[in-house]
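Engineer: My questions are about this predicted structure, shown below with the sequence.
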Amino acid sequence: MIKPLEMLNQSLKKAVLVELKAGRAFRGTLEGYDPHMNLVLRDAEELVDRESVRKVDLTVVRGDNVVYVSP
Amino acid sequence: MIKPLEMLNQSLKKAVLVELKAGRAFRGTLEGYDPHMNLVLRDAEELVDRESVRKVDLTVVRGDNVVYVSP
Amino acid sequence: MIKPLEMLNQSLKKAVLVELKAGRAFRGTLEGYDPHMNLVLRDAEELVDRESVRKVDLTVVRGDNVVYVSP
Amino acid sequence: MIKPLEMLNQSLKKAVLVELKAGRAFRGTLEGYDPHMNLVLRDAEELVDRESVRKVDLTVVRGDNVVYVSP
Amino acid sequence: MIKPLEMLNQSLKKAVLVELKAGRAFRGTLEGYDPHMNLVLRDAEELVDRESVRKVDLTVVRGDNVVYVSP
Amino acid sequence: MIKPLEMLNQSLKKAVLVELKAGRAFRGTLEGYDPHMNLVLRDAEELVDRESVRKVDLTVVRGDNVVYVSP
Amino acid sequence: MIKPLEMLNQSLKKAVLVELKAGRAFRGTLEGYDPHMNLVLRDAEELVDRESVRKVDLTVVRGDNVVYVSP
């Protein structure tokens, strides 16, 4: 078995797609996480309804908005 | 009695349907879970309103989005 | 007094109707539960807006979706 | 002062109206409760938008759906 | 400083307006509360969109529905 | 660093704007708070969609409705 | 790995964009935070649907409204 947080740990420094509630998403490099699934992303592109709306060097996403994280 | 998390444990390495809130779902192989029902799925297909929208090798689903998991 | 979880315990192996949020429901045999009201159902029929949409051998329902369980 | 759970305790074996979120309600006899306000109702009538939709011998209502309980 | 629960304590046996989520409210006498802001109201009038819809001798309101309580 | 609750402490006895979810707000004097951001306001004006709808001498706001508090 | 709260700590005294639920956002200087992601912002501009609606010297944002914080 791979525990969910262990899977996030294996995804550090890798490109991930982070799907959020309400039609938002981020593509970026996973730099950090905690047990609430709060995430740190680097070189991240924010997508709203699959359209790119912004690029940010770094962002801290609050875990309760996360639907899934795919490496 | 089968405890819900025990049932998830028996479903490891098996194909599952994971129905999420807001019309989303995943079909894939259950690779991991934790007590919050955060899940790890492998070879997963994401469905939105029953239509396939994406295939991912691995995904970590945050438990609070889960409606049910069916092996 | 019958505590709610005690009532679920008395309903094990019996047919139950599980009404969920957002117009969903399951009819099936209660095989397990935990203190969050996560449930295990066997031979379950999923209903959306009172119409049968799927039959599943087993399903694990996450408790926070449950409105009520009636034996 | 009457603590809310004490008030529920005094309502055991009495007819109550249980107003739930999203336009649902139950009228029935309160048979049990716990600190989350999960409730056990006997001889209960389910109301949706004030119309009777179902009668059940017993039901376990998950507390987070409850708006109020009136004896 | 007056702590919020202390303020509720000072409001016991007094008339209060309890504004709830989703357009509901109660006017009544505060008879009890607990740290979740679960409330006991006596001689309470339920208001929906500012219209009186029901009078009840006693009611237990679940705290997570409360927006504010005004003595 | 100023911790958020420390900032509320410094705002005691001062005029604050309390923006709530669902288009509500209060303007008033902050008289108390607790770690959940439950608040006590004195001489408060309730605003719905920026229109004044009510004035109250005292009100206890449940913290989970708060979006922000500005002194 | 950079833990999410560590990232907030590194952003103290810096300009941040705080995206909130329901179309709100703040631009301002991060002056404080706590483990719930409650935030203190100084010289902050509130944006609703990307339009500036208000400027405030100081504001305490309740963490459960936060979607992400970008330095």
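Structural biologist: That came through, no problem. Numbers count the residues shown, from 1 in each chain, chains lettered A, B, ... in the order given.

Engineer: Not counting residues beside it along the chain, what's closest to residue A:53?
Structural biologist: Sequence neighbours aside, residue A:46 is the residue nearest to residue A:53 in space, at 5.3 Å (criterion: Cβ to Cβ, 6 or more residues apart in numbering or on different chains). Every residue, glycine included, has its C-beta placed from N, CA and C.

Engineer: just residue A:17 next, same as before
Structural biologist: The shortest distance from residue A:17 to any non-neighbouring residue, by Cβ to Cβ, 6+ apart, is to residue A:70 (4.7 Å).

Engineer: Just the pLDDT for that neighbour.
Structural biologist: pLDDT, residue A:70: 97.

Engineer: Pull the contacting residues for it.
Structural biologist: By Cβ atoms under 8 Å, 6 or more residues apart in numbering or on different chains, residue A:70 lies in contact with A:16-17, A:19, B:56-60.

Engineer: Please repeat the previous calculation with a cut-off of 6 Å.
Structural biologist: A:17, B:56, B:59 (Cβ atoms under 6 Å, 6 or more residues apart in numbering or on different chains).

Engineer: secondary structure class for the residue of chain A found nearest chain C?
Structural biologist: Across chain A, no residue is closer to chain C than residue A:64, which sits at 12.8 Å (Cβ to the nearest Cβ). Following DSSP: H, G, I helix; E, B strand; the rest coil, we place residue A:64 in the helix state.

Engineer: burial count for it?
Structural biologist: Neighbours of residue A:64 under the rule other Cβ atoms under 10 Å in any protein chain shown: 18.

Engineer: now it: how far from chain D?
Structural biologist: According to Cβ to the nearest Cβ, to the nearest Å, residue A:64 and chain D sit 16 Å apart.

Engineer: how close does that residue get to residue D:62?
Structural biologist: Per Cβ to Cβ, to the nearest Å, residue A:64 is found 20 Å from residue D:62.

Engineer: same thing with residue A:46?
Structural biologist: Distance from residue A:46 to residue D:62, by Cβ to Cβ: 35 Å.

Engineer: Mind listing the residues bridging to the residue positioned nearest the centre of chain A?
Structural biologist: In chain A, the residue lying closest to the centroid (Cα atoms, centre = their mean) is residue A:18, at 3.7 Å. Counting by DSSP bridges, residue A:18 forms beta bridges with residue A:26, residue A:69.

Engineer: Could you do residue A:46 as well?
Structural biologist: residue A:26, residue A:54.

Engineer: now the helices for chain A?
Structural biologist: Counting by DSSP state H, the segments of chain A that form helices are A:4-10.

Engineer: wait, isn't residue A:40 in contact with residue G:2?
Structural biologist: Yes. If you go by Cβ atoms under 6 Å, residue A:40 and residue G:2 touch, sitting 5.0 Å apart.

Engineer: what residues are shared contacts of the two?
Structural biologist: Common contacts of residue A:40 and residue G:2 (Cβ under 6 Å, 6+ apart): A:31-32.

Engineer: higher neighbour count, the two?
Structural biologist: More crowded of residue A:40 and residue G:2, by other Cβ under 10 Å: residue A:40, with 25 against 16.

Engineer: Need the pLDDT of the more buried one.
Structural biologist: Looking at residue A:40, its pLDDT is 98.

Engineer: again, but for residue A:4
Structural biologist: On pLDDT, residue A:4 comes in at 98.

Engineer: Please give me every residue in contact with it.
Structural biologist: Shown in contact with residue A:4 (Cβ under 6 Å, 6+ apart): B:32, B:34, B:38, B:40, B:60.

Engineer: Report how many residues lie close to the last one.
Structural biologist: Here the neighbour count serves as a burial measure; for residue B:60 (other Cβ under 10 Å) it reads 27.

Engineer: can I assume it is in contact with residue A:7?
Structural biologist: Yes. Contact between residue B:60 and residue A:7 holds when scored by Cβ under 6 Å: they sit 5.0 Å apart.

Engineer: residues shared between the contacts of these two?
Structural biologist: residue B:40.

Engineer: Setting the sequence-adjacent residues aside, check what's closest to residue A:2.
Structural biologist: Closest to residue A:2 by Cβ to Cβ, 6+ apart is residue B:32, at 4.1 Å.

Engineer: can you tell me how far whatever residue of chain A ends up closest to chain E sits from residue F:35?
Structural biologist: Using Cβ to the nearest Cβ, the single residue of chain A nearest to chain E is residue A:64, 16.0 Å away. From residue A:64 across to residue F:35, the span is 18 Å (Cβ to Cβ).

Engineer: Check residue A:44 too.
Structural biologist: 32 Å.

Engineer: which of these two has more neighbours?
Structural biologist: Neighbour tally, residue A:44 and residue F:35, criterion other Cβ under 10 Å: the higher count belongs to residue A:44, 25 against 12.

Engineer: residues touching the more buried one, list them.
Structural biologist: Per Cβ under 6 Å, 6+ apart, neighbours of residue A:44: A:26, A:28, A:56, A:59.

Engineer: now residue A:65, nearest residue through space, not along the chain?
Structural biologist: Using Cβ to Cβ, 6+ apart, the nearest residue to residue A:65 is residue A:20, at 4.6 Å.

Engineer: same check, this time on residue A:41
Structural biologist: residue A:28 (3.7 Å).

Engineer: was I right about the one you found contacting residue A:40?
Structural biologist: No. Between residue A:28 and residue A:40 there is no contact under Cβ under 6 Å: 9.3 Å.

Engineer: Which pair in the contacts of residue A:4 has the greatest spatial separation?
Structural biologist: B:34 and B:60 (10.2 Å; Cβ to Cβ).

Engineer: From residue G:71, how far off is the closest residue to residue A:29 other than its chain neighbours?
Structural biologist: In this structure, residue A:29 finds its nearest non-sequential neighbour in residue A:42, 4.5 Å apart by Cβ to Cβ, 6+ apart. Distance, residue A:42 to residue G:71, using Cβ to Cβ: 11 Å.

Engineer: Quickly list what's touching both of those two.
Structural biologist: Common contacts of residue A:42 and residue G:71 (Cβ under 6 Å, 6+ apart): residue A:58.

Engineer: returning to that earlier point: so which of the contacts of residue A:44 wins on neighbours?
Structural biologist: Neighbour tally across the contacts of residue A:44 (other Cβ under 10 Å): the maximum, 27 neighbours, falls on residue A:59.

Engineer: I'd like the distance between that residue and residue A:69.
Structural biologist: For residue A:59, the distance to residue A:69 equals 14 Å [Cβ to Cβ].

Engineer: And for residue A:25?
Structural biologist: 10 Å.

Engineer: Those two: which is more packed in?
Structural biologist: Neighbour totals were compared for residue A:25 and residue A:69, and residue A:69 leads with 25 against 17 (other Cβ under 10 Å).

Engineer: That one reaches residue A:14, doesn't it?
Structural biologist: No. Look at residue A:69 against residue A:14 with Cβ under 6 Å: they stay out of range, at 10.5 Å.

Engineer: mind showing which ranges of chain A have poor pLDDT?
Structural biologist: Applying pLDDT under 70 to chain A picks out no residues at all.

Engineer: And the residue in it positioned nearest to chain F, how far from residue F:63?
Structural biologist: In chain A, the residue that lies nearest chain F is residue A:64 (12.8 Å; Cβ to the nearest Cβ). Distance of residue A:64 to residue F:63, computed by Cβ to Cβ: 16 Å.

Engineer: OK, contacts around residue A:9?
Structural biologist: Residues near residue A:9 by Cβ under 6 Å, 6+ apart: none.

Engineer: actually residue A:52, not the one I typed
Structural biologist: By Cβ under 6 Å, 6+ apart, the neighbours of residue A:52 are residue A:45.

Engineer: Mind doing that once more with 8 Å?
Structural biologist: For residue A:52, the residues meeting the contact criterion (Cβ under 8 Å, 6+ apart) are A:45-46.
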